[in-house]
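# Generate a structure from the sequence data that follows.
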Amino acid sequence: MSFSYEDGTKYLFTRPSDDKFIEGLREFYAKRPVDEQEAENEKAVKDCKLYFTTESYKEGETETYGYHYCCTMHKQCPSFLLTGWGILVLILIILLCLAGAAAAFWFFYYKRKMGGREEDDTSNSSSVEEP
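Now for the predicted structure:
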């Protein structure tokens with residue numbers, strides 16, 4: 001039975017994380033020079049692509065080594081705004097803002113401008129003419 005690099009990476013990245021180890025790794029990474037951090041980010045691309053195919057990433061587990069390595073340290077996870085749910089939420093917010101603007105326009109401008117005309121028409125038709 002062979003154990004490939006991809007299998008090992010997926011196994012490690014789906015394991016529950018140890019908070020002390022992750023904190024130490026973050027501190028070590030932050031103290032490194034910028035050029036070394038960039039080189040490490042380039043190496044992490046391959047590993048993170050493997051992590052993104054795992055079930056733990058797809059299920060949204062955040063307490064794994066892979067999540068901390070790819071998303072926290074190397075910032076390679078897509079943001080919420082780029083996911084399907086994020087786009088849907090943005091569209092809903094935009095639609096609500098447009099509906100609010102339309103309601104404000106109707107209430108503050110159109111209704112005030114046309115307000116006298118509607119009342120005059122109803123008051124004339126409801127009054128009884130005397131013979």
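# burial measure for the nearest residue to residue 44 once chain neighbours are set aside, as a count.
Nearest residue to residue 44 in three dimensions, chain neighbours excluded: residue 74, at 4.5 Å (Cβ to Cβ, 6 or more residues apart in numbering). Where you see a C-beta, it was placed from the backbone N, CA and C, and this is true even at glycine. Using other Cβ atoms under 10 Å, residue 74 has 19 neighbouring residues.
# Quick check: which ranges of the protein have low pLDDT?
Applying pLDDT under 70 to the chain flags residues 1-5, 79-83, 111, 114-131.
# Break it down into its structural domains.
5-77, 82-124 (automatic domain parsing).
# Off-centre distance for the longest helix seen in the chain?
What stands out as the longest helix in the chain, according to DSSP state H, is helix 84-105. With Cα atoms, centre = their mean, to the nearest Å as the basis, helix 84-105 stands 16 Å off its chain's centre.
# just stretch 44-60 next, same as before
Per Cα atoms, centre = their mean, the centroid offset for stretch 44-60 relative to its chain is 18 Å.
# Send over it as PDB, restricted to the C-alpha atoms.
C-alpha atoms of stretch 44-60 as PDB (Å, rounded to 0.1, in the frame of the first residue of the first chain):
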ATOM      1  CA  ALA A  44       1.400  26.800   0.100                       C
ATOM      2  CA  VAL A  45      -0.700  27.100  -3.000                       C
ATOM      3  CA  LYS A  46      -0.200  23.500  -3.900                       C
ATOM      4  CA  ASP A  47      -1.000  22.200  -0.400                       C
ATOM      5  CA  CYS A  48      -4.000  24.500  -0.100                       C
ATOM      6  CA  LYS A  49      -5.500  23.300  -3.400                       C
ATOM      7  CA  LEU A  50      -5.400  19.800  -1.900                       C
ATOM      8  CA  TYR A  51      -7.000  21.100   1.300                       C
ATOM      9  CA  PHE A  52      -9.900  22.800  -0.600                       C
ATOM     10  CA  THR A  53     -10.800  19.300  -2.000                       C
ATOM     11  CA  THR A  54     -11.300  17.800   1.400                       C
ATOM     12  CA  GLU A  55     -14.600  17.200   3.100                       C
ATOM     13  CA  SER A  56     -13.600  19.200   6.200                       C
ATOM     14  CA  TYR A  57     -13.200  22.300   4.100                       C
ATOM     15  CA  LYS A  58     -16.400  21.800   2.200                       C
ATOM     16  CA  GLU A  59     -18.300  21.300   5.500                       C
ATOM     17  CA  GLY A  60     -16.800  24.500   6.900                       C
END
